[in-house]
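[1] sequence and predicted model, in that order:
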Amino acid sequence: MTPVQAVIAKELRGYFVSPIVYVVGAVFLLIFGFLSYIYVVFAGTQAIQLMQIQGMAQINLNDLVFRNLFYSMRFVLLIVLPILTMRLFAEERKLRTFEFLLTSPIGIHEIVAGKFVSALLIYLGLLSLTGLVPAVLMLFSDFDWNPVLTGYLGMVLLGALFLAVGLFASALTENQIVAAFIGFGTLLTFWLISGLGALLGDTPVGRVVSYLSFMEHYDRLVRGLIDTADLIYFASGLGLMLFLTYRVVESARWK
């Protein structure tokens, strides 16, 4: 077993012996299911109204259900994922095992990678369970799978970025609640930046500000568009947050 695999195994055991993963998972799946139900009912209502007016109903589930669902899940991830990552380093500091971790033969980059991957695996597991929604809808209606798949790709990339931000926040403090609020506040700031970019309009500064926010990049994936610039944004943002986490953890070694 490699050092990274050892860290992943340790963190996964820590997740499943604590109530965090069960509470977060239940909330995430319940909200996803509830939103799916609301948008499906809305699509059904639209179909009934079209039948009454035109005598026929042809609705687009991609626009009425999946696009609205993926848009709504942005805010859910903004709240849920910092809670999922808040314990990763903060708990080590609180239990006074952080120093032991730093003096172990495992490299800091392996520690950071292992903790990040463990949280990502939990998130991907939860996300895979939501695949039941399009699988069930496929039995009753036709829709285009491409925007659905790119929407899920957007949720994977957005979730990975949020987890990296949450991991960085957890490395800053020994208080898990504080770590969750730091992660949430950081993500909310980048969300609000998109509004500032809209106010600045199509100017050089406005385009730069809009690019810094994850909203624009995620929205294009939800609409079924895969742009290299969006993939570079998520990859660079993920790499930056993991690097900052590495630097924070490394700085603690010299204190």
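    Perfect, thanks for sending it. Numbering: from 1, shown residues only.

[2] skipping its backbone neighbours, what lies nearest L81 in space?
    F162 (4.2 Å; Cβ to Cβ, 6 or more residues apart in numbering). All C-beta atoms are positioned from the backbone trio N, CA, C, and that covers glycine.

[3] look up how far A9 lies from the one you found.
    Distance check for F162 against A9: by Cβ to Cβ, to the nearest Å, it reads 23 Å.

[4] return the per-residue confidence for G107.
    pLDDT recorded at G107 is 84.

[5] tell me how far G166 lies from T189.
    Taken as Cβ to Cβ, the span from G166 to T189 is 14 Å.

[6] so those two - more neighbours on which side?
    Comparing G166 with T189 by other Cβ atoms under 10 Å, the one with more neighbours is G166, at 30 against 10.

[7] who has more neighbours out of F162 and A9?
    F162 (30 against 13).

[8] my read is that that one contacts P82, right?
    Yes. Counting by Cβ atoms under 8 Å, F162 touches P82, with 7.2 Å between them.

[9] can you list residues touching both of these two?
    Common contacts of F162 and P82, defined by Cβ atoms under 8 Å, 6 or more residues apart in numbering, comprise 183, 187.

[10] next helix or strand past the longest helix along the chain?
    Looking across the chain with DSSP state H, the single longest helix is helix 20-54. Scanning forward in sequence from helix 20-54 by DSSP states H and E, the next helix or strand is helix 61.

[11] hmm, who's touching that following helix?
    Residues from elsewhere that reach helix 61 (Cβ under 8 Å, 6+ apart): 43, 137, 141, 143.

[12] ok, then the element right after it?
    helix 67-85.

[13] could you pull out the buried residues of the helix or strand following that following helix?
    On the C-terminal side of helix 67-85, the nearest following helix or strand under DSSP H and E is helix 87-94. Buried residues in helix 87-94, counted by 16 or more other Cβ atoms under 10 Å: 87-93.

[14] quick one: A229 from F70, how far?
    Distance check for A229 against F70: by Cβ to Cβ, it reads 19 Å.

[15] buried subset of the contacts of helix 61, written for PyMOL?
    With 16+ other Cβ under 10 Å as the burial test, the buried ones among the contacts of helix 61 are selected in PyMOL as follows:
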select buried, resi 43+137+143
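
[16] and of the contacts of helix 61, the nearest to F75?
    Distance to F75, by Cβ to Cβ, is smallest for A43 among the contacts of helix 61, at 21.2 Å.

[17] excluding chain neighbours, give the residue nearest to the closest one in space.
    Excluding the flanking residues, the one nearest A43 by Cβ to Cβ, 6+ apart is L64, at 4.1 Å.

[18] for the most centrally placed residue in the chain, what are its contacts?
    Nearest residue to the geometric centre of the chain (Cα atoms, centre = their mean): G159, 1.8 Å. Applying Cβ under 8 Å, 6+ apart, we find G159 in contact with 77, 81, 120, 123, 127.
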